[in-house]
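1. Structural data only, the sequence is not supplied:
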């Protein structure tokens with residue numbers, strides 16, 4: 001099969017096209033013929049070897065956590081999916097197996113969800129990592145519900161685009177930071193308050209909007225961009241920085257957080273919860289309760305360009321790679 005691989009760590013230029021062995025379905029697993037593969041910030045960090053603390057890389061390595069396509073093969077023990085089913089998958093790449101930047105990917109059954117006909121493959125491919133991470137932060141960590149107040153730092157990116165919609169879906173009020181070009185975009189996603197972080201102190205805007213403090217801050221940006229987030233949260237509230245894997249990343253002061261009665265809980269996608277989260281996300285997308293963020297579609301061969309863009313930051317919505325265009 002055709003794939004974009006890396007033979008060692010480095011910059012975007014290490015990604016190159018190669019022909020490698022097509023995977024086979026393991027017991028309780030499937031092989032998906034990939035229509036579209038989602039691109040995430042974790043991918044460029046993976047390309048540089050940052051996930052070596054979690055698994056051993058085996059080269060040639062194929063990146064990519066997210067995909068949508070059709071079932072090409074089912075393994076022993078899989079009885080509820082058949083060849084030809086349209087599906088979304090979160091791949092096994094986080095366990096050191098090959099990812100989705102390829103014509104085929106092998107995935108465990110519990111991280112594969114059948115798609116209703118109303119859900120387009122390109123929309124589904126953008127969702128697994130960003131959607132599951134936001135679900136984890138908002139609901140499994142933050143316990144957000146009707147009447148909650150939530151601040152999303154980085155509202156126009158992939159995670160921010162889902163976080164705004166998921167929070168408003170359950171009746172929460174949402175404020176979101178973004179650059180001036182994205183103010184209308186985050187409002188269209190459902191944010192009650194769009195804060196231009198370049199021209200207004202975020203803390204002042206939040207205090208005026210939620211004088212008693214917000215229940216939850218979801219920081220999708222990190223890197224010290226919102227160190228005073230604990231000052232914007234009410235006593236008993238939570239700040240959940242999305243894990244960036246950046247070494248020695250500045251974090252809110254734990255002593256001050258304890259003084260304020262605020263919990264700081266770094267969050268990332270959790271394998272144990274993905275089956276439940278992916279199913280719920282697909283249901284919400286199919287019912288029209290959420291929609292895909294703004295998508296930019298690039299051919300698989302342009303994956304290095306996608307990595308340069310996402311590593312530079314400030315991408316609105318999500319970048320998706322087209323792998324097998326004939327699948328629709």
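-> Structure's in. What do you need? Predicted, not measured: the structure shown is a model, and the values here were computed from it.
2. Tell me where the stretch 51-200 of the chain has strands.
-> For the stretch 51-200 of the chain, applying DSSP state E, counting those that start in this stretch gives strands covering 61-62, 66-74, 86-90, 104-108, 112-114, 149-153, 173-178, 193-196.
3. and the angle from the longest one to strand 86-90?
-> I take that to be strand 66-74. Angle of strand 66-74 versus strand 86-90, following axes from the mean of the first three to the mean of the last three CA atoms, to 10 degrees, is 120 degrees.
4. I'd like to know which elements strand 66-74 is packed against.
-> Counting contacts by 3 or more CB pairs under 8 Å, 6 or more residues apart in numbering; DSSP states H and E, strand 66-74 is packed against strand 29-39, strand 86-90, helix 121-125, helix 128-135. To be clear about C-beta, it is placed using only N, CA and C from the backbone, and glycine gets the same treatment.
5. Contacts only, for the residue nearest in space to the middle of the chain.
-> Most central in the chain under CA atoms, centre = their mean is residue 130, positioned 1.5 Å from the mean C-alpha point. If you count contacts by CB atoms under 8 Å, 6 or more residues apart in numbering, residue 130 has them with 38, 40, 158-159, 161-162, 318.
6. Now, of these, which are buried?
-> Among the contacts of residue 130, the ones that count as buried by 16 or more other CB atoms under 10 Å are 38, 40, 158-159, 161-162, 318.
7. want to throw the helices and strands packed on strand 66-74 into JSON lines with distance to residue 65 and mean pLDDT?
-> Listed next are the helices and strands packed on strand 66-74 as JSON lines, based on distance: least, CB to CB, whole Å; pLDDT from 0 to 100:
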{"stretch": "strand 29-39", "distance to residue 65": "7", "mean pLDDT": "98"}
{"stretch": "strand 86-90", "distance to residue 65": "6", "mean pLDDT": "97"}
{"stretch": "helix 121-125", "distance to residue 65": "10", "mean pLDDT": "98"}
{"stretch": "helix 128-135", "distance to residue 65": "5", "mean pLDDT": "97"}
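8. got the domain boundaries for the chain?
-> Under the assignment automatic domain parsing, the domains of the chain span 2-126+292-327, 129-264.
9. Take the buried ones among the contacts of residue 130 and keep only those in helices.
-> If you go by DSSP state H, those have 158-159, 161-162 in helices.
10. any low-confidence regions in this protein?
-> For the chain, the stretches with pLDDT under 70 are 246.
11. what about residue 315, how many neighbours?
-> Residues lying near residue 315 (other CB atoms under 10 Å) number 19.
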